[in-house]
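> fold the stuff below for me.
(2 chains)
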Amino acid sequence: MIDLRRLREEPDYRSGVERKGASAQSISDVLAADANAREQRVGTEELRAKSNAASKDIGRAAADERQAKIEAAQILKTALQEAESALAAAETHVADLALQLPNPAHASVPDGGEDDYRVELEVGQPGPAPALNHAEIGDKLGLVDTERAVRMSGSRFAYVMGDAVLLQFALVQWVMSKLVQRKFVPVIPPVLVREDMMVDAGFFPTDRSQVYELEKDELFLVGTAEVGLAGIHRGERLEAEMLPRRYVGYSSCFRREAGTYGKDTQGLFRVHQFDKVEMFVYANPAVSWDELELLRQVEEEIFAELEMPYRVITVAAGDLGGAAAKKYDLEVWLPSEQRYREVTSCSNYTDYSARRMGTRVKSEQGTEVMHTLNGTACAIGRTLLAIFENHQRTDGTINVPEVLRPYCGLDILGPTG
RNA sequence: GGAGAGGUGACAGAGUACGGUCGAUUGUGCCUCCCUGCUAAGGAGGUGUCCUCGUAAGGGGACCGUGGGUUCAAAUCCCACCCUCUCCGCCA
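Take a look at the predicted model:
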């Protein structure tokens, strides 16, 4: 949720919203609706003040004066009710419009859409296409069985099996240790949450079609541990010296992948259920941009140590989504496709999500909405398949990156069974 | 799943039988000051959040789990929901 006061007072804030693709018209509509609602609020509150005073007066009045005073108060009440319902409508109107406005883009974010990203750096030497792509070698070695999974659950499901399972646990444990060393608090959050949590975390209403719903219990399966991590301090006011709070969550993630028919249908790249290690930071607004760089640094370190070529891009304003003010994507080289594909990303949501969550920080300057950031530490499925391709050996097996060997006791991934 | 009890400010804990003087008694904590070799004890005053009008001083409004309702007036009455605790059942 956007900051309406800043929207009407700060030209830079407003232009940041426009760079995200919001029309000048939609912004003026919000501001006009807000001005109207504020004006009505003043009138309504005056009326309510009168009404309150009249009621108090009745309480003090002598018995013989009461009836007349009650009748007068009844008239006030009728007027108040009309003003209140008009005000409620005006406020709903503002909220509906305001929810649709995106968080303004940061000054360092390039203009444009999906193809207008800025490449920040490329690391490592992109390799040639391997003998088998990730789906083929996963199938051949029995590490990923989509055929049987589809028979059971439908398309976009997979069994992860054999050495790949050991490698998954190694990845999780390695990444967790790395983050615990950096003082991130490990968390396993609930993956089923109520609707209001999905709204506050910013996934509803926009991404509702991507989310699995358990109608009978009115619960929703989260698409990322971010939901649970964002909710930890919902409605809380933290002391400034408690910040930053850094969390690292591990959870299964569930996505309906509606509207992606025919896209990335093979293997583990795009499935309905996968596991992910996710970072989340609650930061003082003054230092949140430093925290974004920290998240990026962690992500880079992970892929560098996994010995895979990658690049980092800054996503352009028009491709940011509603909540992010700035986002880095880390893309790993996928040899079979001879291109970089997104494996992790990190964003600064500034105060956009925290405002709805009611997560605030109390400092000497007073109370302000804090900033939240999130970043993928490791999307397990995509990382596994990147390893399958980048570390494929000529004999048809797969090298385990050095850093993971102590965690799984394997040097190479071989056939299952 | 069944039965019962309860959700009040940073915390503890009144108020709810009889709706008005209750944004809310009191204690602890916290802040300022006084007293005081130090510490402790003691004394005085202060101490919620959000919205809004105002340059400011200051004014107004909302908030006693959440959302509705009754009423001139609701922490107090009614309804629904959420949560916590105890007992029973069941399970890991």
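> CA atoms for contacts and neighbours, from now on please.
Will do.
> ok, the residue of chain A most remote from its centre to A:S347 distance?
With distances taken as C-alpha atoms, centre = their mean, the residue sitting farthest from the centre of chain A turns out to be A:D64, at 63.1 Å. Distance of A:D64 to A:S347, given as C-alpha to C-alpha, to the nearest Å: 67 Å.
> and what of A:W174?
A:W174 sits 23 Å away from A:S347, going by C-alpha to C-alpha.
> neighbour count winner among those two?
When A:W174 and A:S347 are compared for neighbours, A:S347 comes out ahead with 26 against 19, by other C-alpha atoms under 10 Å.
> pretty sure the more buried one is in a helix, no?
No - secondary structure assignment (DSSP: H, G, I helix; E, B strand; the rest coil) places A:S347 in strand, not in a helix.
> wait, it sits on A:S353?
No - taking contacts as C-alpha atoms under 8 Å, A:S347 lies outside contact range of A:S353: 11.8 Å.
> show me the helices in the stretch 1-150 of chain A, by range?
For the stretch 1-150 of chain A, helices defined by DSSP state H, counting those that start in this stretch occupy the ranges A:4-9, A:11-19, A:24-60, A:63-100, A:134-140, A:146-153.
> list the buried residues for the third one?
By neighbour count, with 16 or more other C-alpha atoms under 10 Å as the criterion, the buried positions of helix A:24-60 are A:27, A:30-31, A:33-34, A:37, A:40-41, A:44, A:47-48, A:50-51, A:54-55, A:58.
> of the residues you listed, closest to RNA strand B?
RNA strand B lies nearest to A:S55 out of the buried residues of helix A:24-60, by C-alpha to the nearest atom of the strand, at 3.8 Å.
> in this structure that closest one contacts A:Q74, no?
No - contact status for A:S55 versus A:Q74: not in contact, 9.8 Å apart, counting by C-alpha under 8 Å.
> A:Y349: neighbouring residues, count only.
A:Y349 is flanked by 24 other residues according to other C-alpha under 10 Å.
> so it sits against A:T372, correct?
Yes - because the distance of 5.5 Å satisfies C-alpha under 8 Å, A:Y349 is recorded as touching A:T372.
> around RNA strand B, which positions in the stretch 1-150 of chain A sit nearby?
A:5, A:38-39, A:41-42, A:45-46, A:48-60, A:70-71, A:73-74, A:77 (C-alpha under 7 Å from any atom of the strand).
> repeat the analysis, applying 6 Å as the threshold.
A:38, A:42, A:45-46, A:48-49, A:51-52, A:55-56, A:58-59, A:70, A:73-74, A:77 (C-alpha under 6 Å from any atom of the strand).
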